[in-house]
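Q: Whatever this is, show me its structure:
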Amino acid sequence: MVKPATKWLRGLLRAGKAQQRTATKLAKVLFGPVPAKPKAQPRRKTAAKTVVKPRARPAGDALPSLAPFATPLSPPRARKRTAPPPGKWLAAHYAPLPELGQLPGRRLPYFLYLPDKAPSAAMRSRGRPLLVMLHGCEQSATQFAEGTRMNRLAERKGYAVLYPQQSLRSHARRCWKWYDKLTQDGGGDVRLIVGAIEQVAARYAIDRARIYICGISAGAGMAHIVALNHPHLFAALGLHSGPVFGAGHNLIGALQVMQHGAAARADAAIDEVLARQPAFPRLPAILLQGQADKVVRPINQTQLVRQCVRVNRLPADTVVTAQRLPGGAAGGRNPAHAYALHDYQVGKQVLLRVAQVEHLEHAWSGGDASLPFNDKAKPDASKMLLDFFASHRRA
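A: Got it, this is the predicted structure:
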């Protein structure tokens, strides 16, 4: 018979080993496998020379190539090539001028879509609206554009779309460093992204009152940081499957945020932003989240709602309306997930829209499922974003 104390100790050891295995696996996911320490080589015999054949590594030991903030739902199916939208697809980069006595810093590559459709009379006088799209981990800017189909929608709406791209030199899996404290305070990649926006706005006819930013996963975390540090630059913000702002600060901390949120930091992080910027303007936001997401869990959206309410100083009498939209047949021609929609309205303006999509995992809703990190079932996240942005303009 096992004594209670012994049984408890064995359970504790098993739990500790499980946590260690989980942390080790996720660490490999973020930064790749850690090289093992080389084993001490046996001394060679002088009398006889022995040749040791290396053992073949079992197939089961192969490390999976996973993304820290985006996991494919299933292997992508064969792609059906479709004609690209008729607008211009331009490649460029932003390189900040080096400070006196310093070497040139890192540059940020980006892609820009300019619609072929003739601008309306209002756009000719004010310029086109600009949408900034930040990809997730293990995505390129072009893959993000294709998967979301945003350029096709932008062509019809007359938007220019900017896709900054994280470099492999900065992160081996193209992850934006949303968990880095310096970045959260407005440094690092924030300055490069804002510099690219300013460069595009100066080179092309862009309506400075209608610049929007959004992203998915790590890109959503980065979009939130950029908007909080430069709120006067953006008319609205969109976050798809993004982590809560203001926590992490290291590898293990980032993984904790993704899985459990950051309840202890959610309010304080926003209070620090407001303390640095007393004249912080209203920042309308739309939040989309899959309820079956196991990479960035839904608790993050719950805490992002708190942060958006706090940063916008929404009054106690804010009108909140809720509706549930039914889904479609899973095997039908136009599959759709059911989802709940909550609108936080002040006067005639919806300042916060929250979409909770049932059965959606860590993927762009209504995207091109032939590419990883996209789910073909509606709702169409790209359309929802542009519909929300269309009602907001920076004064």
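
Q: so where's the chain shaky on pLDDT?
A: 1-81, 99-103, 329-332 (pLDDT under 70).

Q: what about the helices in it?
A: Secondary structure of the chain (DSSP state H): helices at 4-31, 121-126, 141-148, 150-157, 181-184, 189-203, 218-229, 251-260, 263-276, 299-311, 381-389.

Q: will you turn the ones you listed into TSV that also has mean neighbour count?
A: Where you see a C-beta, it was placed from the backbone N, CA and C, and this is true even at glycine. Formatted as TSV, the helices of the chain follow (neighbours: other Cβ atoms under 10 Å):
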stretch	mean neighbour count
helix 4-31	12
helix 121-126	12
helix 141-148	22
helix 150-157	20
helix 181-184	18
helix 189-203	19
helix 218-229	28
helix 251-260	18
helix 263-276	15
helix 299-311	21
helix 381-389	22
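
Q: Which one of these lies nearest to G238?
A: helix 381-389 (4.6 Å; Cβ to Cβ).

Q: From the chain's centroid, how far away is that closest one?
A: Between the centre of helix 381-389 and the centre of its chain there are 16 Å (Cα atoms, centre = their mean, to the nearest Å).

Q: repeat for stretch 242-259
A: With Cα atoms, centre = their mean, you get 13 Å for stretch 242-259.

Q: need the contact list for S391.
A: Going by Cβ atoms under 8 Å, 6 or more residues apart in numbering, S391 touches Q349, V350.

Q: switch to 10 Å and redo it
A: A235, A236, P284, K348, Q349, V350, R353 (Cβ atoms under 10 Å, 6 or more residues apart in numbering).

Q: Can you report how many residues neighbour D207?
A: Other residues within reach of D207, judged by other Cβ atoms under 10 Å, total 21.

Q: Hmm, it is touching R393, no?
A: Yes: contact criterion Cβ atoms under 10 Å: D207 and R393 qualify, at 8.3 Å.

Q: tell me, what's touching those two both at once?
A: R126, P129, A235.

Q: ok, longest strand in this protein?
A: strand 206-216 (DSSP state E).

Q: So in that sheet, which strands flank it, and in what orientation?
A: strand 128-134 (parallel), strand 236-240 (parallel) (DSSP bridges).

Q: Let me have those strands in a markdown table, extended by mean neighbour count and distance to P379.
A: Listed next are the strands paired with strand 206-216 as a markdown table, based on neighbours: other Cβ atoms under 10 Å; distance: least, Cβ to Cβ, whole Å:
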| stretch | mean neighbour count | distance to P379 |
| --- | --- | --- |
| strand 128-134 | 26 | 18 |
| strand 236-240 | 29 | 11 |
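
Q: Reformat these as CSV; add distance to K294.
A: What follows is the strands paired with strand 206-216, written out as CSV (distance: least, Cβ to Cβ, whole Å):
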stretch, distance to K294
strand 128-134, 22
strand 236-240, 16
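
Q: Of all these, which one is nearest V273?
A: strand 236-240 (13.2 Å).
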